[in-house]
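In: What follows is a protein structure lacking sequence information:
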C-alpha cells in the first residue's frame, strides 16, 4: 500500500527505483489507443467505470502513465499551443509528474454523444465532472488536485485528474477533506489491535504501515509470536506518546503444560528438562500463592540487555550468562481450569512481568517443571480485547482510530492564533490554567498543537506536533 501513497510533485521527483518496480498493464483510452496503467489502479478503474454506467456517467481514460520522455514532449506541445506561462502552470516538469507513477489517470466524460477534448469544454460541463467525485473513495481513488487546495498541491483545480491511493486512505481523505500531502503529514491516531498467533509485534506494525500507507508506525508492549491479544499501535504523530500508553498493568490468560521445561519457557522451544508430574500439591492453592510481589528471573529468550547485549543474543550464541531478576507484582491470579498435566490461568500483572517466567515458577512450586502453551493478552491498562480489531477487520475498514486526546487523560485547551503561534515555536507559557501535570493544546481547527507540562509557575513544551 505504501507505494500507492507515494508523493510525486514539484518538490519530490520520482525515484528511478519506483519506475523499475511498477507493474504496468494495457488499457484502451477513449480514442481506442493503448495506454499503460499500474496494475491495481487499472483493476480499480475498471470497477469504477462499470459502476458509474449504472449512474448514467460514461467515463473513459484520456491519459495515464507517461515516461519522462513523453512528459518532455507534452510540455513542449502545451508551450506551442497555449504559451509558456500556461504550460508551466498546467504541465509538470519531467520527473515531477504523477503520471510517471502509473497511479494517476486523466479521465474524460462522454456527454451528449461526444467527448470533452479541451479543458475549456470540461469547465463548461463542470457539474457533470463533480457528479462522480462522491463515488471515488469506494474504489480507492481521490481527486488529486481539488478546488481550494491549490496552495497545498501546487497545481490548479483539475476535475479530470484521478489518483489511486487504496480504499482506506481514500475514505479517510474524503472524510477529512484532505489532499494526499495533508494525509501523509496529518494522519495519526492509536489502533487497538488483536494480534494473531504466529506473527511478531513488528509484523503487525508493518501490516498497519502498509494498510494506511504511513511510514511512522510503532507499538507499545511487545507480544511474542506465540501470544495473541491486545497490542496498542501508534500511527504518525501518535508515536510521540508511546511511552504514555505503555500501561503499568496487563492481564493475560495462559495455558500451562506440566512436566517439561523448554529453553524459551514456552511450547515453541526445545525441551531441556522433564520430570514426572506428581500432583500431590493442590494446583489452585499453589497458583493462588503467587498473588504477591517477588523477584522474578528474566527469561534468557528476552530483549533485556546485560553488558550491552540482549539476552536472546547470548542464548543464540549458547553463552552462559547470569540472568537478572526484577521485582514484579502479580496483582490477581486465578486458576480457570485444569485437566491432569495441563491447566489454564488468568493473571493481572505489573509492567515487566514475564508470564513464561511466572509459569516456570509455578511449576517449581508444584515440584515439577512447567511450560507455557498459549498466551492471550486480554487487557493493557484500560484497553480490553473486546475493544480491539484484527488485521483482517482493519483491512475491511472495521476499526476505530482513537485520537491522542481521547486516550490521554489530560485536560484539553483550545487556543487562539496568538497562542497557537507561540506553541508552534515551542515557547514557554504562563500557567494560567491551574494545570497540575500535563495539558493538550489544540487550535481552532481542533488540531493538536502540542502537549505541555508544568515547570514551577509555567508550562513548557513536552511534545510538539
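Out: Cool, got the structure. These numbers come from a predicted model, not from an experiment.
In: Distance across stretch 87-102, terminal residue to terminal residue?
Out: Taking Cα to Cα, to the nearest Å, stretch 87-102 runs 21 Å from one end to the other.
In: Give me the buried stretch members for it, please.
Out: By neighbour count on 16 or more other Cβ atoms under 10 Å, the buried set for stretch 87-102 is 87, 91, 92, 94, 96, 97, 98, 99, 100, 101, 102. Quick note: C-beta positions are derived from backbone N, CA and C, even for glycine.
In: closest to residue 394 among those?
Out: Nearest to residue 394 out of those is residue 101 (Cβ to Cβ; 25.2 Å).
In: That closest one reaches residue 6, doesn't it?
Out: Yes: the pair residue 101 / residue 6 is scored as a contact, 6.2 Å apart, by Cβ atoms under 8 Å.
In: which residues are common contacts for the two?
Out: Both residue 101 and residue 6 are contacted by 14, 18, under the criterion Cβ atoms under 8 Å, 6 or more residues apart in numbering.
In: most distant residue from the middle of this protein?
Out: In terms of distance from the mean C-alpha position of the chain, residue 280 ranks first, at 50.1 Å (Cα atoms, centre = their mean).
In: Give me the below-cutoff pLDDT ranges for the chain.
Out: 1 (pLDDT under 70).
In: okay, which residue is most central for it?
Out: By Cα atoms, centre = their mean, the mean C-alpha position of the chain lies nearest to residue 208, the distance being 3.8 Å.
In: Tell me if I'm right that that one and residue 236 touch.
Out: No: under the criterion of Cβ under 8 Å, residue 208 makes no contact with residue 236, lying 11.0 Å away.
In: what are the ranges of the strands in the stretch 51-200 of the chain?
Out: 59-63, 104-111, 114-115, 141-143, 161-164, 189-195 (DSSP state E, counting those that start in this stretch).
In: Now these in TSV, please, with extra columns for distance to residue 133 and mean neighbour count.
Out: Converted to TSV, the strands of the stretch 51-200 of the chain look like this (distance: least, Cβ to Cβ, whole Å; neighbours: other Cβ atoms under 10 Å):
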stretch	distance to residue 133	mean neighbour count
strand 59-63	12	20
strand 104-111	11	21
strand 114-115	19	12
strand 141-143	6	25
strand 161-164	10	25
strand 189-195	25	23
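In: Can you lay out the ones you listed as TSV showing distance to residue 375?
Out: Listed next are the strands of the stretch 51-200 of the chain as TSV, based on distance: least, Cβ to Cβ, whole Å:
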stretch	distance to residue 375
strand 59-63	52
strand 104-111	46
strand 114-115	61
strand 141-143	41
strand 161-164	40
strand 189-195	11
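In: out of those, nearest to residue 204?
Out: Closest among the strands of the stretch 51-200 of the chain, using Cβ to Cβ: strand 189-195, at 5.5 Å.
In: continuing past that closest one, what's the next helix or strand?
Out: Heading C-terminal from strand 189-195, the first helix or strand you meet, by DSSP states H and E, is helix 201-212.
In: List the contacts of that next one.
Out: Applying Cβ under 8 Å, 6+ apart, the external contacts of helix 201-212 come out as 1-2, 168-169, 172, 187, 191, 193, 195, 214-215, 217-219, 221-223, 231, 233, 235, 391, 394-395.
In: What about those, which are in helices?
Out: The helices in this structure, assigned by DSSP state H, contain 168, 169, 172, 391, 394, 395 from the contacts of helix 201-212.
In: By neighbours, which of the residues you listed wins?
Out: Within the ones in helices among the contacts of helix 201-212, most neighbours by other Cβ atoms under 10 Å means residue 169, with 25 neighbours.
In: So for it, what's the nearest residue that isn't a sequence neighbour?
Out: In space, not counting the residues next to it along the chain, residue 169 is nearest to residue 213; the distance is 5.4 Å by Cβ to Cβ, 6 or more residues apart in numbering.
In: what's the distance between that neighbour and residue 235?
Out: Going from residue 213 to residue 235 by Cβ to Cβ, to the nearest Å gives 10 Å.
In: do the same with residue 184
Out: Residue 184 sits 12 Å away from residue 235, going by Cβ to Cβ.
In: Enumerate every residue touching residue 78.
Out: 86, 87, 90, 91.
In: Can you tell me how far the first one is from residue 119?
Out: Put plainly, it is residue 86. Distance of residue 86 to residue 119, given as Cβ to Cβ: 10 Å.
In: and if you look at residue 234?
Out: Noted for residue 234: a distance of 43 Å to residue 119, by Cβ to Cβ.
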